[in-house]
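Enquirer: Coordinates only, no sequence provided:
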Ligand SMILES: Cc1cc2nc3c(=O)[nH]c(=O)nc-3n(C[C@H](O)[C@H](O)[C@H](O)COP(=O)(O)OP(=O)(O)OC[C@H]3O[C@@H](n4cnc5c(N)ncnc54)[C@H](O)[C@@H]3O)c2cc1C
Ligand code: FES
């Protein structure tokens, strides 16, 4: 498998080779790799890429999944447009 | 040894290293996991006390250096305060002349200048604005990840997942710290632990006046560059800033009491959306991606507690940043390093910010704390 050709995060366009390089440079938890490469910051908020990257990280480092600082899920569950919070009626 | 791997803890370690002192940082979770990664990235020296202004003037010089030394994203893209009430304009005129006297280039601008700075803004309810061209923004991700890597490369220790449990004293001062990974000996300990400083010092009968106050923020999907400055709507205590990636990061004040739990509140989403879609109607179509909450570590006078403790040799505090700890971290790192290595801070105003001010009743007043 050519890691330069495998996209692990579709939303932010990040390659497997980017992830492997980050691990090599010493970043060994998902929260840090997320902020280094933007994986998990796209419109799916990591639903697609983080499980894959977690497995890559666990395999490369020998760490257990629960030692990887898996990013917390935060609202909203799906991206939502701001207009749904702006009421057009008379109330506040 | 430094407890806390936020922007403040890592910058203390960074400026100690510049003086040839290698330190250990211990961080309970991962570096940045406290408030630092939650912050709105804003940097300004336009404050209303000489202490804040002096520290921030120095910080702004250091932010440029950090951009060159570590490759941290930092940009002097300004702050813009939108004013819609006569009384606010009057108050801001006083702030501006105070700031100008101390060398901070804030100025009152008219609505056509606001339009130049943010072309898509609707200005119909506005009176005027205040602009600070020296202010700007930086990436907390870069600051943490790049300084962390450099520290480790140069032989310092940054221990993630290690929690300080108890500070142990000797007859003369400090013996070291009991941690989740065993005892670590050190006669100098710096607490860069935001509101957790209170818990760490309680067993030593030192009471620290810091209260955590919940704050809310959300981020939208990325857009092309639409405006550079961080914009504050003074009437509603709300702010908006476009990140280097293009996302809009938004905050807005809603009523919260100190120590309240961090809860997601629809009230916040409604207020923040209402304020910013009024100024930027196209934002109604923008998708919100993530909503988070964090704490401001507030002190009674909204100024940080920095420096040594009078009655306990070797113990230093750098906490209580009251919403400004990210922007201040470079100069605070530097003055704490000065204190440890040379016995005094290079920014003399820092001497007014020690814990003893609360005992002596010498509180500092600041009128402008934002969102
Ligand atoms: C929504 C929001 C917006 C903000 N916007 C801005 C802004 O625009 N500009 C600005 O300058 N500031 C802003 N701030 C404030 C800023 O985030 C903080 O002041 C700054 O990050 C402080 O950094 P710190 O290092 O003091 O604290 P933190 O980043 O909280 O670091 C403290 C660290 O100590 C660790 N710790 C605590 N106890 C222990 C222990 N016992 N053992 C080991 N480790 C421990 C924690 O895990 C944490 O990582 C904002 C804050 C919030 C919440
Ligand atoms: S695939 Fe990575 S954030 Fe969506």
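Expert: Perfect, I can see it now. Quick caveat, the model's predicted, so the values are computed rather than measured. Ligands and ions are numbered 1, 2, ... in the order given.

Enquirer: Just want the phi and psi numbers for the closest residue in space to residue B:197 that isn't next to it in sequence.
Expert: In space, and not counting its chain neighbours, residue B:197 is closest to residue B:319: 4.3 Å by CB to CB, 6 or more residues apart in numbering or on different chains. (C-beta placed from N, C-alpha, C; glycine too.) Torsion angles at residue B:319 (phi, psi; degrees, to the nearest 10) stand at phi -160, psi 180.

Enquirer: Then residue B:175?
Expert: Main-chain dihedrals, residue B:175, degrees, to the nearest 10: phi -90, psi -40.

Enquirer: which SS class is the spatially most central residue of chain A?
Expert: Geometric centre of chain A, nearest residue: residue A:40, 1.9 Å, by CA atoms, centre = their mean. Following DSSP: H, G, I helix; E, B strand; the rest coil, the label given to residue A:40 is coil.

Enquirer: how close does the closest residue to it other than its chain neighbours get to ligand 2?
Expert: Using CB to CB, 6+ apart and skipping the chain neighbours, the partner closest in space to residue A:40 is residue A:46 (3.0 Å). Separation of residue A:46 from ligand 2 (CB to the nearest ligand atom, to the nearest Å): 5 Å.

Enquirer: cool, and residue B:345?
Expert: Taking CB to the nearest ligand atom, one finds residue B:345 at 43 Å from ligand 2.

Enquirer: Can you give me the separation between the nearest residue to that residue once chain neighbours are set aside and residue B:57?
Expert: Nearest residue to residue B:345 in three dimensions, chain neighbours excluded: residue B:335, at 3.7 Å (CB to CB, 6+ apart). Going from residue B:335 to residue B:57 by CB to CB, to the nearest Å gives 13 Å.

Enquirer: Neighbour count for those two, which is higher?
Expert: Neighbour totals were compared for residue B:335 and residue B:57, and residue B:335 leads with 27 against 17 (other CB atoms under 10 Å in any protein chain shown).

Enquirer: Residue B:2 bridge partners, please.
Expert: Here residue B:2 sits in beta bridges with residue B:25, residue B:190, as judged by DSSP bridges.

Enquirer: Please give me every residue in contact with residue B:117.
Expert: Contacts for residue B:117 were tallied using CB atoms under 8 Å, 6 or more residues apart in numbering or on different chains; they are B:78, B:80, B:131, B:227-229.

Enquirer: who touches the longest helix seen in chain A?
Expert: Assignment by DSSP state H gives helix A:49-61 as the longest helix of chain A. With contact meaning CB under 8 Å, 6+ apart, helix A:49-61 is reached by A:8-11, A:14, A:16, A:19-20, A:23, A:28-30, A:33-34, A:39-40, A:42, A:63-65, A:68, A:70-71.

Enquirer: Now stretch B:361-371: average pLDDT?
Expert: Taken as a whole, stretch B:361-371 has a mean pLDDT of 68.

Enquirer: Which parts of chain A are strands?
Expert: A:7-9, A:14-15, A:80-81 (DSSP state E).

Enquirer: near chain B, which residues of chain A?
Expert: Within reach of chain B by CB under 8 Å from any CB of the partner chain, chain A has these residues: A:25-27, A:29, A:31-32, A:35-36, A:38, A:41, A:43, A:45, A:69, A:74-76, A:79-83, A:85-87, A:92.

Enquirer: and chain B, which of its residues are near ligand 1?
Expert: Counting by CB under 6 Å from any ligand atom, chain B comes close to ligand 1 at B:3-9, B:26-29, B:33-36, B:38-42, B:163-164, B:192-194, B:196, B:200, B:215, B:217, B:251, B:294, B:296, B:319, B:321, B:323-327.
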